[in-house]
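# Using only what follows, build the 3D model:
(2 chains)
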Amino acid sequence: MNFSHCTKEQAVEQAARSGRWDDDLRAHAAACSVCADIALVVRFMQLDGELARREAGLPDPGRIWWKAHLREKQMAAERAVRPIAVCQRVACLWGTLTATSILVWEWPRLSSRLDGLKLLLHQAASPGSRPQTDLFAFIGGSLFMFLFSILITLYASWAEE
Amino acid sequence: MTSEFPLTLEGMGERAEERPGGTLSLDEQTFNEFYAKTSPSLLAYLSRVSGNRTVAHDLLQEAYYHFLRTRLPGMDNAGTKSYLFRIATNLLRDHFRAAKRRRLPLPEAPPDADTSERIQLRSDLEPVFLELKPRERELLWLAYVEGYSHQEVAEILGLKALSIRLLLSRCRRKLARMLRERGLGPED
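Numbers count the residues shown, from 1 in each chain, chains lettered A, B, ... in the order given. Here you go, the predicted model:
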């Protein structure tokens, strides 16, 4: 026998579990620190185990099964639409990249057009040019609405994910 | 009861064996029979190791959900039950990790208003057990309440079988010392 191991561990554990002790084993368990610990711990654990089992207010198995069943269906559906979501993301990314590339590529031409617009706006600001002001307000508003709707679409697409 | 743990695959240590399709591993009747045999001991295990009955109920449902999603090729009843305990142990581990990060419910204090003998006994025993570390509680419960062999405990906890004897011996000594300090030993 040493501090952490005793050859009678198994026998003591069995006796503590069943409650059937012979005199020799009981005397040994009283004298051996390892076996005394085993007897005490096994008795404590058995008692606590019995208490815990009696406390059990179990959930309804039918509810668990159906919940698992529904969840499984939901996951299968999610797996099925995953490629569509990926395609949507790729399309959004591709569209954004294309628009940016066009903007960069055509910037010199756009810049000159904007200079032209600035001149027209300057002329429109001068007295007696009301019709042109309305036209530019309409174009500006449309452009703003177009950009705003693109932003909303992009946001909706990402928020869905 | 509202579930604190939504039914997700997070925390599942058995991903490789999960069913790929949209069907469950057992039909409802077979599951009900299996549940009737295993759930009282599983809930007791989860309840005592987590120290919180609400968490235990959530983890119980989660464990059976993962179990239902898993293939069970050629397992006997004992093997299936220990596999269920293995899933539950992984979920407990995830729960304790999440609790550290997000301050999830800590072990409950035992009720003190109820004076019935059973509750009184529980309020004596439970605080002692909850002072142990979760791993120590798992080890002691599986070995001395469920009666699993060292090999089975090792499989459930994901440890080497050789280390179980030593770990169990340490836990036992610690718990015995705590019980004696509280006057719950045989000589008291």
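
# Does chain A have contacts with stretch B:84-97?
No - judged by CB under 8 Å from any CB of the partner chain, stretch B:84-97 stays clear of chain A, getting no closer than 12.6 Å. C-betas here are computed from N, CA, C, even on glycine.

# Which of the residues in that stretch are classified as buried?
Across stretch B:84-97, burial judged by 16 or more other CB atoms under 10 Å in any protein chain shown covers B:84, B:85, B:86, B:87, B:88, B:89, B:90, B:91, B:92, B:93, B:94, B:95.

# and what of stretch A:30-47?
Buried-residue list, stretch A:30-47, by 16+ other CB under 10 Å: A:32, A:34-47.

# check those residues against chain B, which are close?
Within the set of the buried residues of stretch A:30-47, contact with chain B (CB under 8 Å from any CB) is found for A:34, A:36, A:37, A:38, A:39, A:40, A:41, A:42, A:44, A:45, A:46, A:47.

# Excluding chain neighbours, give the residue nearest to the third one in space.
It stands for residue A:37. Excluding the flanking residues, the one nearest residue A:37 by CB to CB, 6 or more residues apart in numbering or on different chains is residue B:176, at 3.9 Å.

# Where does that neighbour fall, secondary structure wise?
Using DSSP states H and E, residue B:176 sits within helix B:161-181.

# now do residue A:5
Applying DSSP H and E, one finds residue A:5 in no helix or strand.

# In chain B, where's the longest helix?
helix B:77-102 (DSSP state H).

# Could you tell me how far it lies from the centre of the chain?
6 Å (CA atoms, centre = their mean, to the nearest Å).

# Give the other helices and strands that it contacts.
helix B:28-50, helix B:53-68, helix B:134-140, helix B:150-157 (3 or more CB pairs under 8 Å, 6 or more residues apart in numbering or on different chains; DSSP states H and E).

# the bottom helix or strand of chain B by mean pLDDT?
Taking mean pLDDT, DSSP states H and E as the measure, chain B has helix B:117-130 as its least confident helix or strand, at a mean of 71.

# for chain A, which helix is longest?
What stands out as the longest helix in chain A, according to DSSP H, is helix A:61-105.

# which helices and strands sit right next to it?
Other helices and strands packing on helix A:61-105, by 3+ CB pairs under 8 Å, 6+ apart, are helix A:130-160, helix B:28-50, helix B:53-68.

# about what we covered before: quick one: work out the angle between the helix holding residue B:176 and helix B:150-157.
Here helix B:161-181 runs at an angle of 90 degrees relative to helix B:150-157 (axes from the mean of the first three to the mean of the last three CA atoms, to 10 degrees).

# Let me see the mean pLDDT of helix B:161-181.
The pLDDT scores in helix B:161-181 average 90.

# which other residues reach that helix?
A:4-5, A:34, A:36-38, A:40-41, A:44, B:128-129, B:131-132, B:136, B:139-140, B:143, B:150-151, B:153-154, B:157, B:159, B:185, B:187-188 (CB atoms under 8 Å, 6 or more residues apart in numbering or on different chains).

# among those, which ones are buried?
With neighbours counted by 16+ other CB under 10 Å, the contacts of helix B:161-181 contain buried members at A:34, A:36-38, A:40-41, A:44, B:128-129, B:132, B:136, B:139-140, B:143, B:150, B:153-154, B:157, B:185.

# What's the local residue count around residue 82?
Here I'm looking at chain A. Using other CB atoms under 10 Å in any protein chain shown, residue A:82 has 10 other residues around it.

# right idea, wrong chain: chain B
Residue B:82: 18 surrounding residues under other CB under 10 Å.

# Perfect, that will be all.
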